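1. pasted the sequence and its predicted model underneath.
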Protein chains: 4
Amino acid sequence: MADEIREGDYALLYLDDRRTYLVRAERGKVLHTHKGIVRFDDFIGREFGVRIKSSMGVEFIVFKPSIRDYVYKSLRGTQIIYPKDIALIILYGNIQPGSRVVEAGTGVGALTTVLASYVRPNGKVYSYEIRKEFLEIARKNLERAGLLEYVELKVKDITQGIDERDVDVVVLDMATPWLVIPHAYEALKGGGSFVSFSPTIDQVIKTVEELRAYGFAYVETVECLVRKIRVERGRTRPETLMTGHTGYITFARKALKEVFEPSNIPERSDV
Amino acid sequence: MADEIREGDYALLYLDDRRTYLVRAERGKVLHTHKGIVRFDDFIGREFGVRIKSSMGVEFIVFKPSIRDYVYKSLRGTQIIYPKDIALIILYGNIQPGSRVVEAGTGVGALTTVLASYVRPNGKVYSYEIRKEFLEIARKNLERAGLLEYVELKVKDITQGIDERDVDVVVLDMATPWLVIPHAYEALKGGGSFVSFSPTIDQVIKTVEELRAYGFAYVETVECLVRKIRVERGRTRPETLMTGHTGYITFARKALKEVFEPSNIPERSDV
Amino acid sequence: MADEIREGDYALLYLDDRRTYLVRAERGKVLHTHKGIVRFDDFIGREFGVRIKSSMGVEFIVFKPSIRDYVYKSLRGTQIIYPKDIALIILYGNIQPGSRVVEAGTGVGALTTVLASYVRPNGKVYSYEIRKEFLEIARKNLERAGLLEYVELKVKDITQGIDERDVDVVVLDMATPWLVIPHAYEALKGGGSFVSFSPTIDQVIKTVEELRAYGFAYVETVECLVRKIRVERGRTRPETLMTGHTGYITFARKALKEVFEPSNIPERSDV
Amino acid sequence: MADEIREGDYALLYLDDRRTYLVRAERGKVLHTHKGIVRFDDFIGREFGVRIKSSMGVEFIVFKPSIRDYVYKSLRGTQIIYPKDIALIILYGNIQPGSRVVEAGTGVGALTTVLASYVRPNGKVYSYEIRKEFLEIARKNLERAGLLEYVELKVKDITQGIDERDVDVVVLDMATPWLVIPHAYEALKGGGSFVSFSPTIDQVIKTVEELRAYGFAYVETVECLVRKIRVERGRTRPETLMTGHTGYITFARKALKEVFEPSNIPERSDV
């Protein structure tokens, strides 16, 4: 079924690859741009993907915001984790529909938004943040993306403990992830995933040492570089400027502490 | 609630970062390794994450397979798309719980497995493949991962057409993606996502040209490099060998063809 | 013997890693900066490496310009080839003290400067450029670096032919390198090196095809990424922004066309 | 003048990009390969770049070894520094014809060979190594490349001191470069270049800290990635496998310790 743009929906007005605007489709409202005025009545009731002209005759396309669009637009002057890193966190961290995920810190909710989106409809994200003012921004960003119901926002210092038990994943994007490792160990179910994002190599070293000390296994640290390619016949080339570093991502899985001896295995010759 | 390992479950026996074994937990069965015999009765009934010893006294950890583990283990001598690329496809391609996704070609089902996992529980993957023998392997891989019910496997040449309509995403990993673009355009709902993975730059150029000719917008091509870091205090360094190239990923969104003129906008002074 | 700064020498006034000034040490002259006035009399007669204070009490270090400094300072609003790429061109192109090198196009002489420096004292660079106004800038840049005598600047279209014969290396940094390949083949001595720098992959493909058609061997295309690391205990990390692409460099060696049959080799059993 | 292959010359027999053989052209000698016997008499007296056939009719090209060829062939089961890194060391380290360079450790002489080549004809490399057996290999490698006269090989522990004074560059490729920094400072002329290559980030941090403590300036650490491109119309793509890490290179320049106050500068209004 085609997606009709209804009043109250959020919409991404796309001018070109660098200029997009996230708006709420309300009757009578308009967006003022340097390329003219876009009148929301002109697209409400039409299908997403529609092309409309501004008052200056410039074409805009009205897209339904993707989850990545919500991430980019959650940025308000703060440093957010990049979509390339979020993508790895989701897949390598084994975040799945139905997962129960503990996250810290919430920040403006960029990563929270994606986590919430992928644990739907039966999972939950418990997101810790000590800076109350950030939680308010995060709440608005989650509400806008229609994902607030999948998140429990907590004004709490995660280095003091995690309330939840038997969670599937703990995801950290904070300055001192190593302080959370004992709590993460307690909160995770057996085999559960630990994920930590850190800009500096020093943070990584401390985190990995602590993970090993705590009996986590399958510890793996990666960095991810994404390069855009400008594709045009006769002039194809990677883009000149590129993000050379955002951070390192460390993954690990909780192993239980007790080691069981093998039961008696009769001698066999076919080994 | 902690995850108990029940008879019939799949389990990942972890020896170290390079040696893991995907097995089905059946009573009385064992795994023979060069580090001794692992008896499945020793872990059935325990919690995932448990450590058990082999007959040679070597420790194994029993993990619940993650979605990435299923991807790695779906490899049977064939070239599969890498998890790093799959991660970007999922997030940048806006594949969400509930999405209806068309995929080609299925291959051994590595990408299909992840797509199926993330569209759960209400979405569906329609996966096209012309090589029947591959579909059988894919079916087994999906069954093992418990995801077969979310996939419709189709023995069909996608360059001849797509049966579905109003789908959210079309994902291509095949030699001639540009031949599918007219069909993808028809199958996608307005604003829907197109994703194509190709090893060579020539494929990318043809695909991007055809996307532009067909009125797709927001066309973006990237390549993704993931580098592992060996973390050890006093000896931390990136790994020597690295995968330097797998392929380019192109993303685009379907824009509708008709362009609507602006409605009459009264002059305003507050612009 | 220590290097004394003599009147007439060029000197690099170093304020910090991002702010350096290339000046000619003349008595009575000063440099005005936002960090105060630096009086050249204060360092003339001292040793290179000396620290002096500006009128505002800010410290500057007076370095003898390195060859890389001359490259950076030859930039006058034009696109120059990056030092990282020049470095590979020099070594992989086998440019040596004594080499005879043909270059095109000269541009502002950035690459020419380095070529001239490394062929000293017995080699020569023959540098082709059709835009006369660039040659004048190049001449000044070479003069400043004290390298003009090792270069013959030629106002000539290299796609029309190369005057020199038996040269060691041909280096191209121009829009249509493939048009020069027949001339390069004639100009090079047997086994001589061909080098071409191109921003787009399309240029590379045409160039490599033409090289193969002309009987060049050992054809190799690379791209080079250099990433800066910000080193600070507790906060070490790669820099956020990075140059993601400058161009591809293609290397090849001239093989002669005639193929000689093997002379009669008696049977031997020790092969 | 074309290069004739004379008896006694070294020659690189090129079969394909992956298989080359460095041999000494001696009359009556042959090379046995799996592609047949190559008889040296068949190319002695011809021009470099010549194509000759083996006894099995397979074509070989006879190249004059480039400096990079000597580097690759100096490898005898030991870890050598990569040409990509050597290239940066030469240019960024400001190693020039005429430079006086101190190097440690010599190893098998791979880097030494390139240093010697570029300081010709008036410069000198003083190369320190404590493992006598390596010095012997290095001596042979340098002799083969015709560069021994530009090098003084020293069986000496550089962490105990450097004999030379007023050198232009100190280049280190050793486990504990930070121990050499006080000696490097004494040995270098004002403004001279310090270069250090290290595989681990921990070595880099110690080195950079010590450099700053010693008053070096313009300290810069980089890593260099070179990716090969497989160029073939219709199938162009980067190579799958790539060297993801070799080491970090740190550059710095010696600043003198004394700071000179500005002389009296009359007020001026044109600042």
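-> Structure received.
2. how about stretch A:217-232, does it reach chain D?
-> No - Stretch A:217-232 stays out of contact with chain D when judged by C-beta under 8 Å from any C-beta of the partner chain, the minimum separation being 9.5 Å. All C-beta spots, glycine's among them, are computed from the backbone N, C-alpha and C.
3. that stretch near chain C anywhere?
-> Yes - Stretch A:217-232 comes into contact with chain C when judged by C-beta under 8 Å from any C-beta, the residues involved being A:227-228.
4. for that stretch, buried residues please.
-> When neighbours are counted by 16 or more other C-beta atoms under 10 Å in any protein chain shown, the buried residues of stretch A:217-232 are found to be A:217-219, A:221-229, A:231.
5. contacting residues for the residue nearest to the spatial centre of chain A?
-> With the centre of chain A defined as its mean C-alpha position, the nearest residue by C-alpha atoms, centre = their mean is A:Leu111, 2.8 Å away. The contact partners of A:Leu111, by C-beta atoms under 8 Å, 6 or more residues apart in numbering or on different chains, come to A:71, A:80-81, A:86, A:89, A:103, A:171, A:173.
6. mind checking which of the buried residues of stretch A:217-232 land in strands?
-> Assignment to strands by DSSP state E places the following of those there: A:217-219, A:221-229.
7. now do the strands in the stretch 51-200 of chain A.
-> Along the stretch 51-200 of chain A, the stretches classed as strands by DSSP state E, counting those that start in this stretch are A:59-63, A:100-104, A:124-129, A:151-155, A:167-172, A:188-198.
8. let's have the ones you listed in JSON lines, adding mean neighbour count and distance to C:Arg139.
-> Output for the strands of the stretch 51-200 of chain A, formatted as JSON lines (neighbours: other C-beta atoms under 10 Å in any protein chain shown; distance: least, C-beta to C-beta, whole Å):
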{"stretch": "strand A:59-63", "mean neighbour count": "25", "distance to C:Arg139": "50"}
{"stretch": "strand A:100-104", "mean neighbour count": "26", "distance to C:Arg139": "62"}
{"stretch": "strand A:124-129", "mean neighbour count": "25", "distance to C:Arg139": "62"}
{"stretch": "strand A:151-155", "mean neighbour count": "18", "distance to C:Arg139": "66"}
{"stretch": "strand A:167-172", "mean neighbour count": "26", "distance to C:Arg139": "59"}
{"stretch": "strand A:188-198", "mean neighbour count": "25", "distance to C:Arg139": "51"}
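9. want to throw the ones you listed into JSON lines with distance to chain D?
-> Supplementary listing: the strands of the stretch 51-200 of chain A in JSON lines, determined by distance: least, C-beta to the nearest C-beta, whole Å:
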{"stretch": "strand A:59-63", "distance to chain D": "31"}
{"stretch": "strand A:100-104", "distance to chain D": "27"}
{"stretch": "strand A:124-129", "distance to chain D": "30"}
{"stretch": "strand A:151-155", "distance to chain D": "35"}
{"stretch": "strand A:167-172", "distance to chain D": "22"}
{"stretch": "strand A:188-198", "distance to chain D": "14"}
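10. closest one to chain B among these?
-> Each of those has some distance to chain B by C-beta to the nearest C-beta; the shortest is strand A:188-198, at 2.7 Å.
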